[in-house]
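1. fold the following.
(one chain, ligands or ions: 1)
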Amino acid sequence: MSELSFAALRCHFQTGRSYVISGEGRNRVYGYRTGVHCDLGDIERAEWADMVRELIQQKGEQKLYEQLLQHLKDHNYARESKVELEFKALELHADRIFDDELWVDFLVFNQKYRPEVFASTRLILIMPECCKKPGYLTQTRYEENESYNCCPHCGRWTEISMAKEVQYA
Ligand SMILES: [Zn+2]
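-> Just a heads-up that it's a prediction; the model follows:
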């Protein structure tokens with residue numbers, strides 16, 4: 001078997017289907033199987049989660065995973081259960097969300113947990129229409145859309161202006 005990678009385990013979409021556990025005709029008993037569709041195929045959810053957990057261990061990224069999970073717990077507006085949050089953290093971890101400058105929480109997360117990543121990120125100072133106080137976007141996010149973006153303060157999709165590049169010494 002080829003070496004496992006996060007790219008190979010990256011979730012493209014989740015799958016679900018019912019299957020017959022036992023019986024025939026009207027006496028059939030159905031079960032429901034949920035899976036994750038990734039480059040390796042359609043893997044049963046719990047099995048997929050174990051594979052990602054194992055890979056996180058292998059790569060020595062437990063701390064990063066815990067930080068991502070904590071971040072989700074701190075911003076759990078949908079009040080998802082512990083199990084759901086853990087699954088989501090695994091999904092985002094396999095997706096390398098913490099390295100994605102388009103991630104809405106990229107700056108908040110990295111400022112708190114990975115100051116070295118935060119320090120080396122190109123930032124753009126913008127003025128959001130909603131909160132009317134300056135805030136930062138990653139340059140990547142800004143370049144994606146220079147007129148509208150997520151407000152760095154309240155998270156709303158808003159008109160932005162007064163962008164300028166931050167000067168580094
Ligand atoms: Zn705002």
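2. helices of the protein, start to end?
-> Here the chain has its helices, by DSSP state H, at 6-9, 45-58, 62-74, 82-94, 106-113, 115-119, 139-144.
3. can you say which of those is nearest to the ion?
-> Set against the ion and scored by C-beta to the ion, the helices of the chain come closest in helix 106-113, at 13.9 Å. To be clear about C-beta, it is placed using only N, CA and C from the backbone, and glycine gets the same treatment.
4. only alpha carbons, please: show the closest one as PDB.
-> C-alpha atoms of helix 106-113 as PDB (Å, rounded to 0.1, in the frame of the first residue of the first chain):
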ATOM      1  CA  PHE A 106      -6.800  32.100   8.900                       C
ATOM      2  CA  LEU A 107      -5.600  35.200  10.700                       C
ATOM      3  CA  VAL A 108      -7.400  34.600  14.000                       C
ATOM      4  CA  PHE A 109      -6.300  31.000  14.200                       C
ATOM      5  CA  ASN A 110      -2.700  31.600  13.300                       C
ATOM      6  CA  GLN A 111      -2.300  34.700  15.400                       C
ATOM      7  CA  LYS A 112      -3.300  32.700  18.400                       C
ATOM      8  CA  TYR A 113      -1.600  29.300  17.700                       C
END
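5. domains of the chain?
-> Listed by automatic domain parsing, the domain ranges of the chain are 6-20+30-99, 106-165.
6. may I see the ones you listed organised as CSV, with mean pLDDT, distance to the ion and mean neighbour count added?
-> Shown next, in CSV, are the domains of the chain (pLDDT from 0 to 100; distance: least, C-beta to the ion, whole Å; neighbours: other C-beta atoms under 10 Å):
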stretch, mean pLDDT, distance to the ion, mean neighbour count
domain 6-20+30-99, 95, 16, 15
domain 106-165, 92, 3, 15
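7. related to what we said a few turns ago, looking at the helices of the chain, spot the one closest to residue 126.
-> Closest approach to residue 126 among the helices of the chain (C-beta to C-beta): helix 139-144, 6.8 Å.
8. closest one to residue 131 among the helices of the chain?
-> Smallest distance to residue 131 across these (C-beta to C-beta): 15.0 Å, for helix 106-113.
9. and the closest one, what does it pack onto?
-> In terms of contacts (3 or more C-beta pairs under 8 Å, 6 or more residues apart in numbering; DSSP states H and E), helix 106-113 is packed against helix 62-74, helix 115-119, strand 135-138.
10. now do the shortest one: distance to the chain's middle.
-> The one in question is strand 135-138. Remark: strand 135-138 is offset 19 Å from the chain centroid, using C-alpha atoms, centre = their mean, to the nearest Å.
11. contact partners for residue 19?
-> 30-33 (C-beta atoms under 8 Å, 6 or more residues apart in numbering).
12. out of these, name the ones that lie in strands.
-> Counting by DSSP state E, those place 30-33 in strands.
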